[in-house]
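Visitor: the following comprises the amino acid sequence and a computationally predicted model.
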Amino acid sequence: MEKMRRPCPCPAGDVDAATTAPPSPGPWAELPVGILAKILWRINPDTDLTNFTSVCKAWRAAAADDLLPLKHQMPWLLLTEEDYPGSGGGHTRSFYSLSEDKIHELPLPEACRRRCVGSTDGWLVTLGEAVEGEEMHILNPISRIRIPLPSQSTLLLPPEDHTFPEELIAQNQQRTVRERYQSFITKVVLSCSPAKKGSDCVALAIYGWSDNKLAYARPGDAAWTILSWDWRQFTYKWGPLEDAVYYKGQFYVVNLHGTVMRCSIPPVGSAEEPLVEVIAFGIPYDDLIWGNSTYLVEHQGSLLQVLRKRRPSKKSRPDKPLLQYLTFGFHVFRLDPSSSAWEMIESLGDGALFLGRNTSVSVSATDLRWCKRNCIYFTDGDDLSPWSAISLGGRGAGRDTGYCTLKDWEVHYLDQVASYSPSSPPIWVLPSAGEG
């Protein structure tokens with residue numbers, strides 16, 4: 001595996017949505033847009049798009065405005081700062097390219113020392129260390145455009161007297177108020193790219209711990225709006241919330257036991273109230289045990305629920321063997337909207353799924369170079385459990401990352417980029433120059 005550093009030969013461009021950098025000097029920025037469009041259509045989007053957009057602001061703008069099929073790019077894996085700090089003195093982040101088996105370093109100070117709690121259409125949702133102010137942003141890692149979301153301080157704060165397992169206390173690994181606050185928001189899903197013309201970008205956040213809740217906000221809002229629901233009874237009866245997806249104009253949320261809710265968010269200026277309702281109960285599978293996870297994803301127009309099966313496994317490291325939950329297979333179910341029942345499917349056909357802390361996504365292996373058909377790519381999502389500090393020696397999650405064939409459950413781990421973090425493990429990112 002080769003590690004590559006991608007230097008930027010000219011100013012980085014927009015850092016914040018409200019800040020505009022001066023045009024890059026030199027002849028490259030003066031090339032006609034028509035020529036740039038022709039170049040875009042001839043490059044390999046898996047390997048050359050980052051080089052193209054790093055030339056200057058004018059080239060990044062051409063990539064954002066052109067009709068280049070960005071959805072046909074192989075997703076990248078954003079690695080952790082703990083194991084891949086980059087060579088830019090705290091100003092770069094490392095991305096692993098599956099198609100190239102290379103690590104790219106991008107100048108991205110806006111994502112340094114920040115936790116990534118979501119990834120949708122090439123945009124990251126980042127969370128800072130501060131407990132006050134606008135510390136949440138939607139960030140495009142290619143264009144470096146950054147759009148603020150309301151501070152998580154506008155949500156209900158975690159209780160100061162929250163206790164953690166005795167094992168953590170015995171190992172002096174109980175979390176500080178700041179560390180607990182950072183893990184308060186577990187995942188954020190966007191309805192669409194915030195740069196999409198004429199769109200209404202809404203962010204849905206899953207936050208809290210065992211009795212987690214939902215809240216939504218739009219870029220520019222002053223505060224998060226908490227969705228009214230008897231969350232405590234819901235989580236006690238059916239388990240904590242696991243994942244969310246935006247499907248056919250509405251958000252859908254699944255809990256640990258496979259029960260799915262539909263969340264209808266009214267448009268801007270509407271007098272309607274948000275509506276939350278259960279639309280389907282658990283999947284027809286009894287083996288829902290500790291360590292498994294559930295995901296929602298749109299695939300070929302249908303809503304799928306994916307059960308990720310994990311089991312304890314001891315993996316040796318240079319320091320000591322660690323007890324970890326590792327993935328060994330998946331079950332996939334399709335929702336029948338007429339009966340609200342789940343039907344198990346045996347194949348994704350030409351499709352492949354990318355699951356994790358990102359917004360789960362389905363892609364076509366025919367359109368996406370180097371992607372394996374009927375395969376599920378996954379990242380480690382056990383970063384928020386206090387128990388991971390015990391089982392992983394305080395290093396956090398990241399080991400359980402790889403891909404699995406759905407036909408025979410053959411699992412391949414990405415050991416070449418083992419990347420651990422106690423709060424922000426690796427996350428899939430679909431490279432996008434701007435508009436998704």
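Guide: Yep, it's here. Residues are numbered from 1 along each chain as shown.
Visitor: contacts, neighbours, all on C-alpha from now
Guide: OK.
Visitor: would you map the helices across the protein?
Guide: Assigned by DSSP state H, the chain shows helices spanning 33-42, 49-53, 57-65, 166-170, 177-182, 231-238, 386-391.
Visitor: what about the stretch 301-436 of the chain, any weak spots by pLDDT?
Guide: Along the stretch 301-436 of the chain, the parts satisfying pLDDT under 70 run over 314-323, 369, 381-398, 419-423, 431-436.
Visitor: measure the nearest residue to Arg334 once chain neighbours are set aside to Glu346 for me?
Guide: Spatial nearest neighbour of Arg334, chain neighbours left out: Leu304 (4.5 Å); criterion: Cα to Cα, 6 or more residues apart in numbering. Look at Leu304 and Glu346: by Cα to Cα, to the nearest Å, they are 12 Å apart.
Visitor: what residues are shared contacts of these two?
Guide: Val332 (Cα atoms under 8 Å, 6 or more residues apart in numbering).
Visitor: between the two, which is the more surrounded one?
Guide: Leu304 (22 against 12; other Cα atoms under 10 Å).
Visitor: what bridges to the more buried one?
Guide: Applying DSSP bridges to Leu304 gives these bridge partners: Val297, Arg334.
Visitor: and His137, by the same measure?
Guide: Thr126, Pro148.
Visitor: Tyr207 now?
Guide: Counting by DSSP bridges, the residues bridging with Tyr207 are Ile185, Lys213.
Visitor: my read: it touches Ser153, true?
Guide: No: the pair Tyr207 / Ser153 is not scored as a contact, 11.9 Å apart, by Cα atoms under 8 Å.
Visitor: which of these two has more neighbours?
Guide: Shown here are Tyr207 and Ser153; by other Cα under 10 Å, Tyr207 has more neighbours (22 against 16).
Visitor: what sits against the more buried one?
Guide: 184-187, 213-215.
Visitor: and of those residues, the nearest to Gly351?
Guide: Lys187 (24.5 Å; Cα to Cα).
Visitor: ok, the closest one - contacts?
Guide: 117-118, 205-207, 243, 357.
Visitor: of those residues, which belong to strands?
Guide: Within the contacts of Lys187, residues falling in strands by DSSP state E are 117-118, 205-207, 243.
Visitor: got any ranges where the stretch 101-250 of the chain has weak pLDDT?
Guide: 129-134, 156-183, 209-211, 231-238.
Visitor: wait, Glu346 touches Lys407, no?
Guide: Yes: taking Cα under 8 Å as the definition, Glu346 is a contact partner of Lys407 at 7.1 Å.
Visitor: what is in contact with those two at once?
Guide: Joint contacts of Glu346 and Lys407 (Cα under 8 Å, 6+ apart) do not exist.
Visitor: setting aside sequence neighbours, what's the nearest residue to Asn255?
Guide: Asn255 sits nearest to Leu241 (Cα to Cα, 6+ apart), 4.0 Å away.
Visitor: who's in contact with that neighbour?
Guide: 206, 212-213, 235, 253-256.
Visitor: turn the residues you listed into a markdown table, columns for neighbour count.
Guide: A markdown table is the format used below for these (neighbours: other Cα atoms under 10 Å):
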| residue | neighbour count |
| --- | --- |
| Ile206 | 23 |
| Asn212 | 19 |
| Lys213 | 22 |
| Thr235 | 18 |
| Val253 | 23 |
| Val254 | 26 |
| Asn255 | 23 |
| Leu256 | 23 |
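Visitor: of the residues you listed, closest to Arg399?
Guide: Of all the contacts of Leu241, Arg399 sits closest to Leu256, with 21.5 Å by Cα to Cα.
Visitor: and that closest one, what pLDDT?
Guide: Leu256 is assigned 84 on the pLDDT scale.
Visitor: nearest residue to it in space, please, no chain neighbours.
Guide: Gly239 (5.2 Å).
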